[in-house]
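Visitor: how does the following fold in three dimensions:
(one chain, ligands or ions: 1)
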Amino acid sequence: MNYDEIFPKIVSHCKEYGFIFPSSEIYDGLGATYDYAQLGVELKNNIKTAWWKTMVQMNENVVGLDSAILMHPTVWKASGHVDAFNDPMIDNKDSKKRYRADVLIEEYLDKLNAKSLKETEKRAKKEGWEADNENYQGFLKNNRDAKKAQAVYEKFVKVLEDNDLEGMRDIIVENEIACPESGSRNWSDVRQFNLMFKTQLGATADGSFDVYLRPETAQGIFVNFSNVLKTSRQKIPFGIAQIGKAFRNEIIARQFIFRMREFEQMEMQYFIKPGTQKEWFAHWKAARMRFHLALGLPQEKLQYHEHEKLAHYADAAEDIQFRFPFGFKEMEGIHSRTDFDLNKHQEFSGKKLQYFDVEENKNYVPYVIETSVGLDRTFLAHLCNAYQEEMAPTADGGQEERVVLKLHPLLAPYKVAILPLVKKEGMPEIGRQIFDELKYDYLCTYDEKDAIGRRYRRQDCIGTPFCVTIDTQTLEDNTVTIRDRDTMKQERVAISDLRAIVAAKLDWRNMLS
Ligand code: ATP
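Guide: Numbers count the residues shown, from 1 in each chain. Okay, here's the model as predicted:
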């Protein structure tokens, strides 16, 4: 299924089954803000738990933090966000729509590359070339669209490096990139637009001052470096991890929860000895990829992507991209941030942010490796990966289409659905007892309405990995069936073994070790 077909289906599935609602919907919504509904909040919490376990619980030298969203305004001066946290924007004079100039160019490059691939595949079919064939690779690199894409890309990298806004507009004009909404090529100049939301602290006109909603959680970690160091008995290398909201006034906010104005980040800053950044960068780059694989995202949908232009604070930066239905896009950034942030905060606050290294017998400002993953983008990656439409057998021996969310069982909102076959003969009572037995450890759902086939379909749609059914045999021998969401196979087990069976299937150790 292509993007135009699958993505709208995923978005409406989220709404229909209570994963995500548009924010303030009864007032027609608010641009690029969403609410996580009853099942969405569970999936989100499970992703957070997985991240926290791998970061904090399983690393003796990583501790957690939950810093305030509002911070002293000088923090953002020191970090460079007041002066440099900008996106280049361009307006289309006919449609009056505003775009990120760099994104327009990136999308144009994606289109050229897709065309080049299509052409190559057409030719390969005709010539009988395999993808690893020399001719295939040669044609892929040297066809007209590939060459054009390469030329545009080189120019793009140069204008990004030079911060050349006019050059960026030239690329758009020269390549006749049109407004996606109206098709018009009537463009304004490219201007910088600061992404931070400003608000006021204090009530009186003269006593109040401007503060910002944090655009990243990282700075809350940097300003607490000394506090944590003094109170935690950590030694370098050590990390501080935090999950929290961040806010960016994105110019274009599209693709559902991929780009929002209010979102959540899971960030870890790892403080290291200067000079060791290369090895720690490689370490965390690999560790973060392992995390996504362990949660069930497949290797072929994940890739590293090196930054075209390094941010002002970084000496190395790579993204982990996921193949969303709209292409490979950033899900996580791994950045080698040098001593930039701690140095800047020392300079602006006048407080020392240093580490005394006993072995070296000297003070230094630590270097930092950062891993920064978007919680919402991880959520979206799992949804897109899990959503499947397939044929399934019906009770009368036929076939019907089912929608199933093949989420990792540990991420699934409900772990167990408890389903009495009929609403009589004591089956509901047994169901309730099973619910009470499991509820301390797992989020369960109890459902006695509708035919059993329909109830299974509903649980498939929301990704429940196990359905426990109480039937007539239960009344005779205290056994139930447990149905696996993915294979649809049912196994008969004793009620007294149920808790241990579910525990074995939902063991974090299996996933994270
Ligand atoms: P992009 O280039 O897509 O704007 P970024 O490079 O600015 O992202 P970072 O500042 O590195 O992003 O933030 C770390 C992570 O936070 C990103 O990898 C992404 O998963 C997430 N993130 C950033 N901006 C948004 C947003 N507007 N909505 C949802 N998630 C976001």
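Visitor: hey, let's count contacts and neighbours off CA atoms from now on
Guide: Fine.
Visitor: could you give the number of residues near the nearest residue to Asp339 once chain neighbours are set aside?
Guide: Nearest in space to Asp339, with sequence neighbours left out and distances taken as CA to CA, 6 or more residues apart in numbering, is Tyr367 at 4.5 Å. Residues within reach of Tyr367, counting by other CA atoms under 10 Å, total 24.
Visitor: which residues touch Tyr367?
Guide: Contact analysis of Tyr367 by CA atoms under 8 Å, 6 or more residues apart in numbering lists Phe271, Ile272, Lys273, Pro274, Gln277, Ser336, Arg337, Thr338, Asp339, Phe340.
Visitor: the third one - nearest residue in space that isn't next to it in sequence?
Guide: Of all residues beyond its chain neighbours, the one nearest Lys273 is Pro366 (5.5 Å), with distances taken as CA to CA, 6+ apart.
Visitor: does that neighbour really touch Tyr355, like I thought?
Guide: Yes. With contact defined as CA atoms under 8 Å, Pro366 reaches Tyr355; the gap is 6.8 Å.
Visitor: more crowded one of these two?
Guide: Shown here are Pro366 and Tyr355; by other CA under 10 Å, Pro366 has more neighbours (24 against 19).
Visitor: distance of the more buried one relative to the ligand?
Guide: 21 Å (CA to the nearest ligand atom, to the nearest Å).
Visitor: what's near enough to touch the residue nearest to Lys273?
Guide: Phe271, Ile272, Lys273, Pro274, Thr338, Asp339, Leu342, Gln354, Tyr355.
Visitor: ok, of these, which one's closest to the ligand?
Guide: Comparing the contacts of Pro366 against the ligand with CA to the nearest ligand atom places Thr338 closest, at 15.5 Å.
Visitor: residues of the stretch 201-350 of the chain that sit close to the ligand?
Guide: Applying CA under 6 Å from any ligand atom, we find that the stretch 201-350 of the chain lies next to the ligand at Phe258, Arg259, Met260, Arg261, Phe263, Gln265, Glu330, Met331, Glu332, Gly333.
Visitor: and the second one, what pLDDT?
Guide: As summarised for this prediction, Arg259 has a pLDDT of 94.
Visitor: show me the chain divided up by domain.
Guide: Domain assignment for the chain by automatic domain parsing gives 38-74+195-389, 86-194, 414-512.
Visitor: next, format those as CSV and append distance to Arg402.
Guide: Output for those, formatted as CSV (distance: least, CA to CA, whole Å):
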stretch, distance to Arg402
domain 38-74+195-389, 6
domain 86-194, 31
domain 414-512, 7
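Visitor: in three-state terms, label Val422 for me.
Guide: The three-state assignment at Val422 reads coil, by DSSP: H, G, I helix; E, B strand; the rest coil.
Visitor: tally up the residues packed near the closest residue to it other than its chain neighbours, please.
Guide: Nearest residue to Val422, sequence neighbours excluded (CA to CA, 6+ apart): Glu448, at 7.0 Å. Glu448 has 17 neighbouring residues, counting by other CA under 10 Å.
Visitor: ok so, going back, just the buried residues of the contacts of Pro366.
Guide: Among the contacts of Pro366, those classed as buried by neighbour count (16 or more other CA atoms under 10 Å) are Phe271, Ile272, Lys273, Thr338, Asp339, Leu342, Gln354, Tyr355.
Visitor: out of the residues you listed, which comes closest to Ala50?
Guide: Phe271 (22.3 Å; CA to CA).
Visitor: element containing Glu154?
Guide: Assigned by DSSP states H and E, Glu154 belongs to helix 144-161.
Visitor: pull out the buried positions in the helix or strand following that helix.
Guide: Counting by DSSP H and E, the element after helix 144-161 in chain order, helix or strand, is helix 165-174. Buried positions in helix 165-174, judged by neighbour count with 16+ other CA under 10 Å: Leu165, Gly167, Met168, Arg169, Ile171, Ile172.
Visitor: now do stretch 219-235
Guide: Applying 16+ other CA under 10 Å to stretch 219-235 flags Gln219, Gly220, Ile221, Phe222, Val223, Phe225, Ser226, Val228, Leu229, Lys235 as buried.
Visitor: and what of stretch 384-394?
Guide: Quick answer for stretch 384-394 (16+ other CA under 10 Å): Cys384, Asn385, Ala386, Tyr387, Gln388, Ala392.
Visitor: which members of those residues are positioned in strands?
Guide: Using DSSP state E, the members of the buried residues of stretch 384-394 that fall in strands are Tyr387, Gln388, Ala392.
Visitor: if we take those, which one ends up nearest to the ligand?
Guide: The ligand lies nearest to Tyr387 out of these, by CA to the nearest ligand atom, at 20.2 Å.
Visitor: what pLDDT is listed against the nearest residue to the closest one once chain neighbours are set aside?
Guide: Nearest non-adjacent residue to Tyr387, counting by CA to CA, 6+ apart: Leu405, 4.7 Å away. Per-residue pLDDT puts Leu405 at 98.
Visitor: so which elements touch the lowest-mean-pLDDT helix or strand in the chain?
Guide: One helix or strand of the chain scores below all others by mean pLDDT, DSSP states H and E: helix 508-512, with a mean of 80. Applying 3 or more CA pairs under 8 Å, 6 or more residues apart in numbering; DSSP states H and E, we find helix 508-512 packed against helix 277-294.
Visitor: part of a helix, is Ile482?
Guide: No. Assessed with three-state DSSP, Ile482 is strand; it does not lie in a helix.
Visitor: can you pull the contacts of it?
Guide: Shown in contact with Ile482 (CA under 8 Å, 6+ apart): Phe466, Cys467, Val468, Thr469, Gln490, Glu491, Arg492, Val493.
Visitor: and Glu5, how many neighbours?
Guide: When neighbours are counted by other CA under 10 Å, Glu5 registers 10.
Visitor: quick check: which element contains it?
Guide: Assigned by DSSP H and E, Glu5 belongs to helix 3-16.
Visitor: which parts of that helix are buried?
Guide: By neighbour count with 16+ other CA under 10 Å, helix 3-16 contains the buried residues Phe7, Ile10, Val11, His13, Cys14.
Visitor: nearest to the ligand, of those residues?
Guide: Val11 (15.6 Å).
Visitor: tell me, how many residues neighbour the closest residue to that closest one other than its chain neighbours?
Guide: Excluding its sequence neighbours, the residue lying closest to Val11 (CA to CA, 6+ apart) is Phe256, at 7.4 Å. Residues near Phe256, counting by other CA under 10 Å, number 19.
Visitor: Arg432 now?
Guide: Neighbours of Arg432 using other CA under 10 Å come to 15.
Visitor: how close does it sit to Pro180?
Guide: 54 Å (CA to CA, to the nearest Å).
Visitor: who touches the residue nearest to Val422 in this structure?
Guide: Neighbours of Glu448 in contact, by CA under 8 Å, 6+ apart: Leu419, Pro420, Leu421, Val422, Lys423, Pro428.
Visitor: so which bits of this structure are right by the ligand?
Guide: Within the chain, the residues that sit near the ligand (CA under 6 Å from any ligand atom) are 258-261, 263, 265, 330-333, 372-374, 376-377.
Visitor: okay, and which of those map to helices?
Guide: Secondary structure assignment by DSSP state H places Asp376, Arg377 of those in helices.
Visitor: and the residues of the chain next to the ligand, which is closest to Ala151?
Guide: Of all the residues of the chain next to the ligand, Ala151 sits closest to Glu330, with 23.2 Å by CA to CA.
Visitor: now the closest one: how far from Asp164?
Guide: 24 Å.
Visitor: quick one, which of the two is more surrounded?
Guide: For Glu330 versus Asp164, the count of surrounding residues by other CA under 10 Å is larger for Glu330: 22 against 15.
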